[in-house]
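K.L.:
Sharing a model that was predicted from the sequence below.
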2 protein chains.
Amino acid sequence: MSLDLNADTVTLTEQLVNIESVSHDEQAIADAIEAALSPLRHLELTRRGNTIVARTALGRPERVVIAGHIDTVPLNDNLPARNDGTHLHGLGTCDMKGGVAIALKLAQDLVRPNRDITFLFYECEEIEAEHNGLSKLVVSDPDLMAADFAILMEPSNAGVEAGCQGTLRVDVRLTGERAHSARSWRGVNAIHRAAAVLTRLAEYDARRPVIDGLEYHEGLNAVFISGGVAGNVLPDECVVTVNHRFAPDRSEAEAEAFVREFFDGFEVAVSDSAPGALPGLDKPAAKDFLAAVGGQVNPKFGWTDVARFTGLGIPAVNFGPGDPMLAHKQEEFVPLEHIARCERQLRAWLGEDR
Amino acid sequence: MSLDLNADTVTLTEQLVNIESVSHDEQAIADAIEAALSPLRHLELTRRGNTIVARTALGRPERVVIAGHIDTVPLNDNLPARNDGTHLHGLGTCDMKGGVAIALKLAQDLVRPNRDITFLFYECEEIEAEHNGLSKLVVSDPDLMAADFAILMEPSNAGVEAGCQGTLRVDVRLTGERAHSARSWRGVNAIHRAAAVLTRLAEYDARRPVIDGLEYHEGLNAVFISGGVAGNVLPDECVVTVNHRFAPDRSEAEAEAFVREFFDGFEVAVSDSAPGALPGLDKPAAKDFLAAVGGQVNPKFGWTDVARFTGLGIPAVNFGPGDPMLAHKQEEFVPLEHIARCERQLRAWLGEDR
């Protein structure tokens, strides 16, 4: 599969969508991106695993990151892409190959932008933080991450979303005692003991704090459950994997304390954690971008790598095509108008028209 | 691995235990049994898959089946066998390689028994009925199953257990709607919906009917649970696999109706079913055997192939070494005295001492 950077951005989005790239399986799409960018002499290209970095080096006083992850959640009978004339439908259209397509177009077209640009096309955003292409790049090549401001092209209805919620994953483990299911009174069924855990989850009441005028919305959800030994054995273990999304007024440690208290009486082990990011709308670079693109600023519910950049001291926002409510849903799509609008605004801000 | 039929029965049990034979993986043990029996000229040997049939053909007026399954439930860090002088410990010692060892010894030693004997060493008893070696033999070679009476050497504390409970497996399926876990209010979490199913199971009150003077004890247990799409996605499906054990006063259809009513409001699909067997202690062949071995008759809680024989019109009982309460438990063991007693009583009843 190859990409045609001279095609229009919608066609390019469709080409990206039709290269399957579920997390850990991004080699084909990374190869295609690398092949498309390598002829462009105004970019310095670096590849680390399936993460590709393309940078201008014009010596501008300011450097901007434009970043997009190239992986998707698992297939759900929603490929190939389908263009109905106003929307492009299919896995990854919204989250976030529309944004990746815009970045690729800009990477080709903006030969002499008014700010230096670092384009980051990275792997494994949809899974545990340890696999994330940016988290690896911070370790292997911190210089390539350096910037004054970062734009994550995550779906945000072609508007600006500031801050993001943190995410914490824990395993709640129930134990029991095995026995033959024909003589069940001799054992303890670990799956039955999960009833209390699931009941608490079903009754969870989400906190909705307002920060810098933006209302966040937390969440606490079982994302996996597993247990069972054999069809005739009382299981001695059941594990419920729970994902907590927390507003950026709480630290990772505070979020963990909340979850441990919520599951008081049960065995809880943290498997994955990433902090939220406060909106940070008072930073100069953020103000400049907001003034240029205009419009309403909204809170970001999902965790995005905005948090990674703010953690590095780099102000960052989400700004990309697609409704974030549709991310990870079978019927996800991106409005073609969003793609056009984001691309137009970034071209204008970066000071070069085609 | 080879078996020595000239060793004492405890040693032979240990040899059988040390050949791993989890269901679907019985080739090694079946090969060893076939190799051990094939030199014996007084037996007609037939192999079907990993099920081995060995029959005397003396033209006796009565034929008895002596049967034992050669598979075990999954390993649970409980091999190899360990003999502490009075008990043999390890996976399969109780359920039911002690009984298989006795049958193998009798197959070798009883060259001219007072009744013709059909020894059945069969595969896949611990899993879904469709894989069971006897259920396959009924179809492929019904003549080899013919008998006037059948003894299943399932663990029964070296006493006689009559009848057995039936077993029914169903999948209770919960559905929801996927959404990104950061915006969970947009989806429906199928795992959370399982709370009500597990709560009902945890509160289940078992029926304990008395039949022919024997008290049964039913059960209803989740044996598997699974659900989950990705670590940041609200799952749209959760499946709870439930095993119902029902007393033999209920038919499979009645048991299914009970389970469907118990899970009223949920989607229930039957995946596996096997009927119980009424005690049948009034049948002449059963009376004759009971008189010979004496002692208390107990109800059988677990489903055993007794039900398969009674379904064919052949009276059948369980009679084997080991405590059935220990079957499928990590710490299962068989008392050496049980092995000796069962072997001695069967030798006496079958009319030939060594």
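P.N.:
Yes, it's here.

K.L.:
so how far is residue A:317 from the closest residue to residue A:348 other than its chain neighbours?
P.N.:
Distances taken as CB to CB, 6 or more residues apart in numbering or on different chains place residue A:292 nearest to residue A:348, at 7.2 Å, with adjacent residues excluded. For glycine as for every other residue, the C-beta is placed from the backbone atoms N, C-alpha and C. As defined by CB to CB, to the nearest Å, residue A:292 lies at a distance of 12 Å from residue A:317.

K.L.:
When those two are compared, which one has more neighbours?
P.N.:
Using other CB atoms under 10 Å in any protein chain shown, the more surrounded residue of residue A:292 and residue A:317 is residue A:317, with 33 against 12.

K.L.:
Would you confirm that the more buried one belongs to a strand?
P.N.:
Yes - counting by DSSP: H, G, I helix; E, B strand; the rest coil, residue A:317 is located in a strand.

K.L.:
pretty sure it is touching residue A:285, no?
P.N.:
No - contact between residue A:317 and residue A:285 fails when scored by CB atoms under 8 Å: they sit 9.5 Å apart.

K.L.:
and the spatially closest residue to residue A:132 that is not a sequence neighbour, backbone torsions?
P.N.:
Spatial nearest neighbour of residue A:132, chain neighbours left out: residue A:124 (5.4 Å); criterion: CB to CB, 6+ apart. The phi/psi pair for residue A:124 (degrees, to the nearest 10) reads phi 60, psi 50.

K.L.:
now residue A:124: how far from residue A:79?
P.N.:
Taking CB to CB, one finds residue A:124 at 19 Å from residue A:79.

K.L.:
try residue A:52
P.N.:
According to CB to CB, residue A:52 and residue A:79 sit 22 Å apart.

K.L.:
One more: residue A:250?
P.N.:
37 Å.

K.L.:
Then residue A:161?
P.N.:
Plainly put, residue A:161 is 27 Å away from residue A:79 if you go by CB to CB.

K.L.:
neighbour count winner among the two?
P.N.:
When residue A:161 and residue A:79 are compared for neighbours, residue A:161 comes out ahead with 26 against 17, by other CB under 10 Å.

K.L.:
Name whatever forms a beta bridge with the more buried one.
P.N.:
Legend: beta-bridge partners of residue A:161 under DSSP bridges are residue A:298, residue A:318.

K.L.:
surely it meets residue A:300?
P.N.:
Yes - judged on CB under 8 Å, residue A:161 makes contact with residue A:300 at a distance of 4.0 Å.

K.L.:
hey, what's in contact with both of these two?
P.N.:
Common neighbours of residue A:161 and residue A:300 (criterion: CB atoms under 8 Å, 6 or more residues apart in numbering or on different chains): A:154, A:318, A:324.

K.L.:
nearest to chain B, of these?
P.N.:
For the shared contacts of residue A:161 and residue A:300, the minimum distance to chain B (CB to the nearest CB) is 6.9 Å, reached by residue A:324.

K.L.:
residues in contact with the nearest residue to the closest one once chain neighbours are set aside?
P.N.:
The spatially closest residue to residue A:324, leaving aside those adjacent along the chain, is residue A:155, at 4.6 Å (CB to CB, 6+ apart). Applying CB under 8 Å, 6+ apart to residue A:155 gives the contacts A:94-96, A:98-99, A:318, A:320-324, A:326-327, A:334.

K.L.:
Go again with 7 Å.
P.N.:
Residues counted as contacts of residue A:155 (CB atoms under 7 Å, 6 or more residues apart in numbering or on different chains) are A:94-96, A:320-324, A:327.

K.L.:
Tell me how far it lies from chain B.
P.N.:
Distance from residue A:155 to chain B, counting by CB to the nearest CB, to the nearest Å: 10 Å.

K.L.:
now do residue A:257
P.N.:
Distance, residue A:257 to chain B, using CB to the nearest CB: 20 Å.

K.L.:
That residue: neighbouring residues, count only.
P.N.:
When neighbours are counted by other CB under 10 Å, residue A:257 comes out with 12.

K.L.:
can you confirm it is in a strand?
P.N.:
No - according to three-state DSSP, residue A:257 belongs to no strand; its state is helix.

K.L.:
mind listing the helices for chain A?
P.N.:
Ranges of helices in chain A, per DSSP state H, are A:9-17, A:27-37, A:98-109, A:133-140, A:142-145, A:190-202, A:252-262, A:284-293, A:306-311, A:336-349.

K.L.:
averaging pLDDT over each of those helices, which comes out lowest?
P.N.:
Per-stretch mean pLDDT for the helices of chain A is lowest at helix A:284-293 (a mean of 83).

K.L.:
relative to helix A:336-349, how tilted is it?
P.N.:
Relative orientation of helix A:284-293 versus helix A:336-349 (axes from the mean of the first three to the mean of the last three CA atoms, to 10 degrees): 120 degrees.

K.L.:
Who are the packing partners of helix A:284-293?
P.N.:
strand A:149-152, strand A:316-319, helix A:336-349 (3 or more CB pairs under 7 Å, 6 or more residues apart in numbering or on different chains; DSSP states H and E).

K.L.:
Of all these, which one is nearest residue B:258?
P.N.:
Checking those against residue B:258 by CB to CB gives strand A:316-319 as the closest, at 53.6 Å.

K.L.:
quick one: buried residues of the closest one?
P.N.:
Buried residues in strand A:316-319, counting neighbours by 16 or more other CB atoms under 10 Å in any protein chain shown, are found at A:316-319.

K.L.:
Report all helices and strands that it contacts.
P.N.:
Contacts defined by 3+ CB pairs under 7 Å, 6+ apart place strand A:316-319 against strand A:149-152, strand A:160-162, helix A:284-293, helix A:306-311.

K.L.:
In CSV, could you pull the C-alpha coordinates for that strand?
P.N.:
Output of strand A:316-319 as CSV, limited to C-alpha atoms (Å, rounded to 0.1, in the frame of the first residue of the first chain):
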residue,chain,number,x,y,z
ALA,A,316,-0.1,21.7,24.1
VAL,A,317,-3.6,21.5,22.8
ASN,A,318,-5.8,19.1,20.8
PHE,A,319,-6.9,20.4,17.5
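
K.L.:
Not counting its own residues, what contacts it?
P.N.:
Identification of contacts with strand A:316-319 by CB under 7 Å, 6+ apart yields A:150-154, A:156, A:160-162, A:286, A:289, A:293, A:300, A:304, A:306, A:309-310, A:342.

K.L.:
Now flag whichever of the contacts of residue A:155 is closest to chain B.
P.N.:
Distance to chain B, by CB to the nearest CB, is smallest for residue A:327 among these, at 4.8 Å.
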